[in-house]
Structure formats: C-alpha cells, structure tokens
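K.L.:
Please find the sequence and the predicted model below.
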Amino acid sequence: MTDPKPLKGLRAASQPPAPVYPTPMPPTLVRVAPPQKVTPPPKLIQSSGEFVANFLAPSYLLDGIVQRHFCYSLTAATGAGKTAIALRLAVHVGLGRKLGDREVEKGRVLYFASENSVDVQARWIAMAEHCGFDVNTIDVHFVSGASKLSEIAERITIEAAALGELALVVVDTSAATFEGTDENSNVDSLQHAKRMRSLTELKGAPTVLVLCHPVKSATNDNLLPRGGGSFIAEIDGNLCARKSDSAVELHWAGKFRGMDFAPILFRLDTVTAERLKDGRGRSMPTVMATPMDDAGKDAMAVAARTDEDMVLRAIDGNAGASSNELAKVLDWKMRDGRPYGVRVRRAAEKLAGDGLIMKHRGEWTLSARGEKELNRLDKRATGTDGRNSLVSILPQMPPKPVP
C-alpha cells in the first residue's frame with residue numbers, strides 16, 4: 001500500500017512551516033544643526049559719531065531751495081501762475097538750464113496733467129516755441145487726465161522704471177487727484193499726502209511738486225493748501241506764488257524744511273505760437289511764466305505806474321467813456337487790433353484802490369485825491385514843481401465832448 005500524496009497547495013502535515021523574518025530597515029541618520037548665531041538688535045542709543053555716520057548731504061534739484069526725494073506743495077490762487085511756474089520748472093529741469101541765478105539739475109520729468117490736460121497741452125506748445133526746445137526730444141513726459149493714483153500706481157511704477165531715473169514729478173493738481181470723501185478731513189488729507197509722498201520712491205528718488213488751491217478767503221499772507229492740516233504736516237514744504245501788480249513772487253508759507261531763500265520773481269506773459277491755433281485757424285493766446293531779476297521787476301512797476309497815470313488823465317478828459325473807449329483814446333491795442341480794455345481796467349482798479357477814482361452811476365470819475373494827483377503830475381511834467389523839467393509821457397487827450 002502506497003503513502004497518500006499531499007493535496008495540492010497545502011503542505012504535508014509532517015512538514016514544519018517556513019520561518020518568516022522581518023525586512024531589515026536602513027539605519028536612520030540624525031543630523032544635528034549647527035548652533036544659530038543670534039544677531040542682537042541695533043542699539044537705540046548711539047554715540048555722537050554713530051549718529052552722524054550715515055548722514056546724506058542734501059541733493060538739490062533747484063539749488064538751495066528744492067531737494068531731491070522731498071515732497072512739496074505749490075499753493076496759489078486761481079490765475080496766479082502755479083501751472084505756468086510748474087511748467088517753467090519742468091522745462092529748466094528737462095534742459096538743465098538755470099532758473100534766474102540758480103542752478104538746476106538736468107533730469108527726467110514726469111508731469112501729471114490731471115486737472116486740465118488741454119490747457120497744459122496749449123501752454124506746452126507755446127513754451128516750446130518761446131523757450132526753444134523740441135517737444136519730440138525734451139526729456140519731459142506726461143500722464144494725461146484725472147485718474148486715481150491708487151489704481152494706476154503699479155503701472156506708473158513699471159512705466160517710470162522703463163523710462164529711467166526721474167528727477168522731478170509734478171502733480172497738477174492736488175484736488176484733481178484727491179481720493180478721499182472729505183478734503184477737510186485730517187484722516188483723508190493724511191492718506192492723500194502719503195500717496196503724494198510715495199511718488200518720491202519712484203526710480204531716481206525724484207522731487208515731487210503738488211500744485212494746490214489755497215484755503216478759502218486766502219490772502220497773500222496765508223497761502224496754505226486747502227484741506228486738512230495733516231496734509232501740510234506730512235509734506236516737506238509749502239511753496240507759494242504771490243501775485244502782485246508787477247510780478248509773481250515764488251516763496252514759501254506755513255512750512256519749509258530747509259534754509260530760507262530770496263523770492264524768485266516771474267512775469268506772466270500772454271503769448272501765442274505758430275502751431276497753436278483754434279479750429280478756425282486763429283491764434284490762441286496762452287500764459288507763460290518768465291523768470292525776472294530785480295531790475296525787471298522795477299521796470300514792470302514803472303510801466304504799471306505809467307499806465308495808471310495815463311488812465312487817470314484819460315478818465316479826466318473823457319467823462320463817461322468805457323474801458324474800450326479809453327483804450328482807443330490811449331491807442332492801446334491787442335494783437336488782433338481790438339482795443340485793450342483789460343489793460344485799462346487793470347489800471348483803473350489800482351487807481352480805485354488808491355482812492356484816486358470812484359464810480360458814480362456806473363462811470364469812473366476822479367475823486368478829490370485824484371484831482372490833486374493829476375495836478376501834481378501836470379506840475380511835474382512842466383517843471384513847475386521845482387524839479388527838473390521832464391518830458392511828459394502822458395498823451396494829450398482830446399477835449400471833452402460838448403454835450
């Protein structure tokens with residue numbers, strides 16, 4: 001009898017099971033990090049030498065006045081020349097020309113024409129002709145139209161970096177770029193000022209000049225930026241443009257980080273340009289600021305006084321005449337040949353302010369002081385006041401019309 005064969009897939013009962021051994025694991029290596037060097041925080045208390053070790057000397061864009069990496073406001077009443085002065089500064093920075101007797105660092109300019117870009121275009125076209133630069137090559141660049149700086153900040157940063165280092169950024173105006181809800185709120189004004197200051201961080205660490213409207217009822221003695229006081233507290237200085245009869249004076253008011261400086265004088269000229277025409281091909285007048293020295297200001301004051309004397313005599317000899325009629329008598333004409341009545345009104349307003357003329361039933365007449373002043377002028381012209389005889393610069397007026 002043969003032995004039974006084991007069933008397939010099973011071990012015979014007489015055979016012990018094969019032992020099972022665990023798979024050996026590789027040894028774990030433990031790395032010990034080197035001890036970290038602890039850097040102590042910088043000292044709060046510095047020695048005298050440590051305190052001045054990192055001093056950075058001021059870098060002036062407009063020598064002795066406007067510094068690089070600083071943020072300034074330029075405050076002036078409407079019509080006092082803030083845009084004209086800002087554009088003049090842009091020209092001088094772009095060309096590296098002196099402004100008056102002060103050196104100007106040559107550099108790239110970025111101008112935000114936010115309030116009235118069409119007006120800035122017209123002024124720029126005229127300035128190119130009168131200042132002698134090519135609009136296609138001068139290193140001045142513009143952002144046209146009102147926009148929220150917070151929304152275009154990234155694009156401006158990228159595009160400005162592509163241009164290269166900036167020397168000057170002009171924001172025209174503060175009101176057109178204000179993003180708050182209340183201009184008189186210190187919180188909103190502070191945020192606005194910080195946003196303006198952030199432009200100094202563009203490539204090149206430029207000077208930032210923000211054109212501002214003044215507070216309500218401002219006079220030449222308090223030309224401060226409109227809005228909350230936190231705005232002027234945040235910026236580095238408030239330049240201001242004070243307009244007088246003969247010139248516009250650029251100085252400062254309220255705050256200025258830096259040395260005091262002698263005012264810079266400008267003349268506001270009404271100019272035209274060959275390229276500047278309206279839709280009918282007629283010349284378009286615009287305004288340009290021209291730097292002046294003290295001699296120029298004195299000459300303008302003499303010219304203004306001469307106009308006043310001539311208008312005083314014209315009123316005396318032409319009772320009831322309008323400004324345009326007096327301009328015809330004086331032969332004062334504008335470029336297009338029309339009577340220069342504005343020039344007459346400007347002189348008449350000054351005479352009225354001095355109490356030399358007054359309005360009676362809508363017509364200018366001489367006051368008692370005006371009669372006395374006219375007699376003095378007549379005596380001086382004929383040499384009967386004891387002075388040397390002078391040739392009268394006043395025109396001879398026609399006789400008063402017979403009623």
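P.N.:
Yes, it's here.
K.L.:
for Ala160, helix, strand, or coil?
P.N.:
Per DSSP: H, G, I helix; E, B strand; the rest coil, the secondary structure class of Ala160 is helix.
K.L.:
gap between it and Gly204?
P.N.:
According to C-beta to C-beta, to the nearest Å, Ala160 and Gly204 sit 8 Å apart. For glycine as for every other residue, the C-beta is placed from the backbone atoms N, C-alpha and C.
K.L.:
okay, and the common contacts of these two?
P.N.:
Leu166 (C-beta atoms under 8 Å, 6 or more residues apart in numbering).
K.L.:
can you give me the offset of stretch 203-210 from its chain's centre?
P.N.:
12 Å (C-alpha atoms, centre = their mean, to the nearest Å).
K.L.:
residue contacts, Val135?
P.N.:
Here Val135 is in contact with 124-125, 128 (C-beta under 8 Å, 6+ apart).
K.L.:
Please read the previous query as pertaining to Glu371.
P.N.:
Asp316.
K.L.:
that's a helix at it, yeah?
P.N.:
Yes. Counting by three-state DSSP, Glu371 is located in a helix.
K.L.:
What would the longest helix anywhere in the chain look like as PDB? C-alpha coordinates only.
P.N.:
Secondary structure of the chain per DSSP state H: the longest helix is helix 294-317. Provided in PDB are the C-alpha atoms of helix 294-317 (Å, rounded to 0.1, in the frame of the first residue of the first chain):
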ATOM      1  CA  ASP A 294      15.000 142.800  -9.500                       C
ATOM      2  CA  ALA A 295      15.700 145.200 -12.400                       C
ATOM      3  CA  GLY A 296      13.000 143.600 -14.400                       C
ATOM      4  CA  LYS A 297      10.500 143.900 -11.500                       C
ATOM      5  CA  ASP A 298      11.400 147.600 -11.100                       C
ATOM      6  CA  ALA A 299      10.800 148.100 -14.800                       C
ATOM      7  CA  MET A 300       7.400 146.500 -14.600                       C
ATOM      8  CA  ALA A 301       6.500 148.600 -11.600                       C
ATOM      9  CA  VAL A 302       7.400 151.700 -13.600                       C
ATOM     10  CA  ALA A 303       5.400 150.500 -16.600                       C
ATOM     11  CA  ALA A 304       2.400 149.800 -14.300                       C
ATOM     12  CA  ARG A 305       2.600 153.300 -12.700                       C
ATOM     13  CA  THR A 306       2.800 154.900 -16.100                       C
ATOM     14  CA  ASP A 307      -0.400 153.000 -17.200                       C
ATOM     15  CA  GLU A 308      -2.100 154.300 -14.100                       C
ATOM     16  CA  ASP A 309      -1.100 157.900 -14.800                       C
ATOM     17  CA  MET A 310      -2.300 157.700 -18.400                       C
ATOM     18  CA  VAL A 311      -5.600 156.200 -17.400                       C
ATOM     19  CA  LEU A 312      -6.100 158.800 -14.700                       C
ATOM     20  CA  ARG A 313      -5.700 161.600 -17.300                       C
ATOM     21  CA  ALA A 314      -7.800 159.700 -19.900                       C
ATOM     22  CA  ILE A 315     -10.700 159.500 -17.400                       C
ATOM     23  CA  ASP A 316     -10.400 163.200 -16.600                       C
ATOM     24  CA  GLY A 317     -10.600 164.100 -20.300                       C
END
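K.L.:
Skip the chain neighbours and tell me the closest residue to Thr83.
P.N.:
Asp172 (5.9 Å; C-beta to C-beta, 6 or more residues apart in numbering).
K.L.:
give me the beta-bridge partners of the one you found?
P.N.:
On the basis of DSSP bridges, Asp172 is bridged to Ala113, Leu211.
K.L.:
Tell me the pLDDT of it.
P.N.:
Note for Asp172: predicted pLDDT of 96.
K.L.:
ok, it touching Leu110?
P.N.:
No. Look at Asp172 against Leu110 with C-beta atoms under 8 Å: they stay out of range, at 11.4 Å.
K.L.:
Which stretches in the stretch 1-150 of the chain count as helices?
P.N.:
48-52, 82-95, 117-131, 149-163 (DSSP state H, counting those that start in this stretch).
K.L.:
just checking, what packs against the second one?
P.N.:
Of the remaining helices and strands, those touching helix 82-95 by 3 or more C-beta pairs under 8 Å, 6 or more residues apart in numbering; DSSP states H and E are strand 71-75, strand 109-113, helix 117-131, strand 140-144, strand 168-172, strand 207-212, strand 264-271, strand 286-292.
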